[in-house]
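[1] All I have is the shape, not the residue letters:
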Ligand SMILES: [Zn+2]
């Protein structure tokens, strides 16, 4: 079982982690609530998870164009 980190804007796969690492690497570090978990973590098939996060490239774009923060998906 693995967790995939995928950019929620451009759908680039950022990386993968073994399932065991989810608590230490993501949940605790980002201090997210159960509601946010539902928003950002997709429960895929075969026990795999996809975590919607943001890649470096999109992060940079958002810093340059903060208005895009209001839109959930601005690259189609
Ligand atoms: Zn991206």
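    Perfect, I can see it now. All values derive from a computational prediction rather than experimental measurement.

[2] where do the strands sit along the chain?
    Using DSSP state E, the strands of the chain run over residues 2-7, 13-18, 41-43, 49-53.

[3] got the contact list for the third one?
    With contacts defined as Cβ atoms under 8 Å, 6 or more residues apart in numbering, strand 41-43 is touched by 49-52. The way it works is simple: take the backbone N, C-alpha and C, and place the C-beta from them, glycine included.

[4] Mind listing what's buried along it?
    The neighbour-count check on strand 41-43 (16 or more other Cβ atoms under 10 Å) flags residue 41 as buried.

[5] follow-up on the earlier one: would you mind saying which of the strands of the chain lies nearest the ion?
    strand 2-7 (3.2 Å; Cβ to the ion).

[6] Quick one: work out the angle between the closest one and strand 13-18.
    Here the directions of strand 2-7 and strand 13-18 differ by 160 degrees (axes from the mean of the first three to the mean of the last three Cα atoms, to 10 degrees).

[7] any idea how far residue 10 is from the residue lying closest to residue 39 once chain neighbours are set aside?
    Closest residue to residue 39 apart from its sequence neighbours, by Cβ to Cβ, 6 or more residues apart in numbering: residue 52 at 7.6 Å. Distance of residue 52 to residue 10, given as Cβ to Cβ, to the nearest Å: 12 Å.

[8] Pipe the strands of the chain into JSON lines and attach mean pLDDT per row.
    As requested, those are exported to JSON lines (pLDDT from 0 to 100):
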{"stretch": "strand 2-7", "mean pLDDT": "88"}
{"stretch": "strand 13-18", "mean pLDDT": "86"}
{"stretch": "strand 41-43", "mean pLDDT": "79"}
{"stretch": "strand 49-53", "mean pLDDT": "86"}
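
[9] could I get the ones you listed as TSV with distance to the ion?
    Putting the strands of the chain into TSV (distance: least, Cβ to the ion, whole Å) gives the following:
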stretch	distance to the ion
strand 2-7	3
strand 13-18	8
strand 41-43	16
strand 49-53	9
